[in-house]
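> Have a look; sequence and predicted model below, questions after that.
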Amino acid sequence: SQTIHQWPATLVQPVGSPLSLECTVEGTSNPNLYWYRQAAGRGLQLLFYSVGIGQISSEVPQNLSASRPQDRQFILSSKKLLLSDSGFYLCAWSLAGGITEAFFGQGTRLTVV
Amino acid sequence: GQQVMQIPQYQHVQEGEDFTTYCNSSTTLSNIQWYKQRPGGHPVFLIQLVKSGEVKKQKRLTFQFGEAKKNSSLHITATQTTDVGTYFCAARIQGAQKLVFGQGTRLTINP
């Protein structure tokens, strides 16, 4: 069966520090991968999605970046965090090409102080 | 910008009352999905609608997809405290690779 791992669960980082959140998927090949951000009490904002290794589509201009160095690994990064980067970050995957549901990781709650 | 609009943003009901959330798009959708996020948790897939005018039921939950495939609704009959959470609609666009969510409707229930 397929599983998705996202870590860490919580993170407190100072303003100006770098960020690296990692997400890995097991049990499937060539998945579509997604990074979403959810501000407190708000909706899910699509940040990045990827349909293959090295293929990243950015949805919102910001100081975040994403990379997909391996088929089932998706990384969200920042060189210098801003206060406004605080939020709940969710990684998700779905099967490629078809009309299928998305499966979410447990999320990372990031607080920038 | 947001391509799937969802209302209301919040809904508070008494236990036993019904609840409905609506999802609208300015463009025709190939499909619509619904997710539930419990407080502190991550979104979990509930159902997918594909056909024009489709209606699906899951116990007390009824999902509808509009005839023009531009709107959808989720109706919960006789809410229970276990229904608490945020309900999201989501649509696949741009060749089904991009999955965009509505703003969500947060449901709270007074027992």
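Sure, I can see it. Residues are numbered from 1 along each chain as shown, chains lettered A, B, ... in the order given.

> so where's the chain uncertain?
Unless you meant another one, I'm taking chain A. Within chain A, the segments meeting pLDDT under 70 span A:61, A:98.

> Can you look at chain B instead?
Looking along chain B with the criterion set at pLDDT under 70, you get B:1-2, B:94-96.

> which parts of it sit against chain A?
Listed as neighbours of chain A in chain B under the rule Cβ under 8 Å from any Cβ of the partner chain: B:6, B:30-31, B:33, B:35, B:42-45, B:48, B:50, B:88, B:90, B:92, B:96-104, B:106. C-betas here are computed from N, CA, C, even on glycine.

> Restrict those residues to the buried ones and give me that as a ChimeraX selection.
Buried members of those can be picked out in ChimeraX with the line below, counting by 16 or more other Cβ atoms under 10 Å in any protein chain shown:
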select /B:6,31,33,35,42,43,45,48,88,90,92,96,97,98,99,100,101,102,103,104,106
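
> Can you give me the first-to-last residue distance of stretch A:49-62?
15 Å (Cα to Cα, to the nearest Å).

> I should have written stretch B:84-100 there, sorry.
Using Cα to Cα, the end-to-end distance of stretch B:84-100 comes to 23 Å.

> now swap in stretch A:40-51 and tell me
End to end - Cα to Cα - stretch A:40-51 spans 28 Å.

> before we move on, what about stretch A:51-68?
Stretch A:51-68 has its terminal residues 10 Å apart, counting by Cα to Cα.

> List the buried residues of it.
A:V51, A:I56, A:L64, A:A66, A:S67, A:R68.

> Report the two of those residues separated the most.
Farthest pair in the buried residues of stretch A:51-68 (Cβ to Cβ) is A:V51 and A:L64. Separation: 18.9 Å.

> what distance separates the longest strand seen in chain B from the centre of its chain?
When chain B is parsed with DSSP state E, its longest strand is strand B:85-93. Chain-centre distance of strand B:85-93: 6 Å, with Cα atoms, centre = their mean, to the nearest Å.

> Name the residues that touch that strand?
The contact list for strand B:85-93 (Cβ atoms under 8 Å, 6 or more residues apart in numbering or on different chains) reads A:43-44, A:99, A:102, B:3-4, B:6, B:21, B:23, B:25, B:27, B:29-39, B:41, B:43, B:72, B:74, B:98-102, B:104-107.

> What residues does chain A have near chain B?
Proximity of chain A to chain B, by Cβ under 8 Å from any Cβ, involves residues A:32, A:34, A:36, A:41-44, A:46, A:49, A:51, A:57, A:59, A:90, A:92, A:94, A:96-107.

> Any quick PyMOL command for the buried ones out of those?
To isolate the buried subset of these in PyMOL, counting by 16+ other Cβ under 10 Å, use the following:
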select buried, chain A and resi 32+34+36+43+44+46+49+51+90+92+94+96+100+101+102+103+104+105+107
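
> So which of the residues of chain A next to chain B are in strands?
Going by DSSP E, the strands hold A:N32, A:Y34, A:Y36, A:L46, A:Y49, A:V51, A:S57, A:L90, A:A92, A:S94, A:F103, A:F104 from those.

> related to what we said a few turns ago, keep only those of the residues of chain B next to chain A that are in strands.
B:6, B:33, B:35, B:44-45, B:48, B:88, B:90, B:92, B:98-101, B:106.

> which residue sits closest to A:L64, ignoring its sequence neighbours?
With sequence-adjacent residues excluded and distances taken as Cβ to Cβ, 6 or more residues apart in numbering or on different chains, A:L64 is closest to A:S78, at 5.1 Å.
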